[in-house]
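S.K.: build me a model:
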Amino acid sequence: MSQLIKDIEAKQLKEEPPEIRVGDTVKVETIIQEGKKERSQYFEGLIIGISGSGVNKTFKVRRIFQGIGIERTFLLHSPKIRKIKVIRSGKTRRAKLYYLRNRIGTKATRLKTIQTGNKAAKVNKKEAKKNDTKAKSEPKAETKPAETKATEE
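M.R.: Reported below is the predicted structural model:
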């Protein structure tokens, strides 16, 4: 590519694009122009695929509305996209989740969730507490014969 094209594309890129992955449930806020007025419209769904690179990077979002699957493709660096909010991160083993198109009902959006940020820290603290309580409960098992002696007296 020529340097001129690279310079033009660099101007079009967003400074801090959101970190999204396949399997994330996102809420995309787009700007809709109706006549002279502008309004925001939200589209919430599961990212089933990401393709392209640079200015041409796109992602497909799928949602089920009244029993019908709706897919919409968004340009990541489009000026029409105001905000992309990641609601939940899902664990996937595939780059494209097109197999979800054949699923019906709750199975169509069922993915294992990934704990991120503060929630992950809270979960790790809870697990640490459980491990501490298990360690404390083991010595109590040794003191049971002493308790039985106290009940016999």
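S.K.: please count neighbours and contacts with C-alpha atoms only from this point.
M.R.: Noted.
S.K.: distance between the ends of stretch 5-22?
M.R.: Start-to-end span of stretch 5-22 (Cα to Cα, to the nearest Å) is 29 Å.
S.K.: can you mark which positions in that stretch are buried?
M.R.: Going by neighbour count (16 or more other Cα atoms under 10 Å), the buried part of stretch 5-22 is 13, 20-22.
S.K.: again with stretch 57-73
M.R.: 58-64, 71.
S.K.: now render those as CSV, adding distance to R88, pLDDT and secondary structure.
M.R.: As requested, the buried residues of stretch 57-73 are exported to CSV (distance: Cα to Cα, whole Å; pLDDT from 0 to 100; DSSP: H, G, I helix; E, B strand; the rest coil):
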residue, distance to R88, pLDDT, secondary structure
T58, 19, 93, strand
F59, 16, 95, strand
K60, 16, 95, strand
V61, 13, 94, strand
R62, 14, 92, strand
R63, 14, 90, strand
I64, 17, 88, strand
E71, 18, 93, strand
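S.K.: can you redo these as CSV with distance to I104?
M.R.: Listed next are the buried residues of stretch 57-73 as CSV, based on distance: Cα to Cα, whole Å:
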residue, distance to I104
T58, 25
F59, 22
K60, 19
V61, 16
R62, 13
R63, 12
I64, 9
E71, 15
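S.K.: just these now: which is nearest L100?
M.R.: Nearest to L100 among the buried residues of stretch 57-73 is R62, at 9.1 Å by Cα to Cα.
S.K.: do I have it right that that closest one meets G49?
M.R.: No. Assessed by Cα atoms under 8 Å, R62 is found out of contact with G49, at 9.5 Å.
S.K.: and the closest residue to V22 other than its chain neighbours, how far from T25?
M.R.: Distances taken as Cα to Cα, 6 or more residues apart in numbering put I47 closest to V22, at 5.2 Å, once the chain neighbours are dropped. For I47, the distance to T25 equals 6 Å [Cα to Cα].
S.K.: who does the longest strand seen in the chain pair up with?
M.R.: Scanning the chain for the strand with the most residues, using DSSP state E, yields strand 37-51. When pairing is defined by DSSP bridges, strand 37-51 lines up against strand 25-34 (antiparallel), strand 58-65 (antiparallel).
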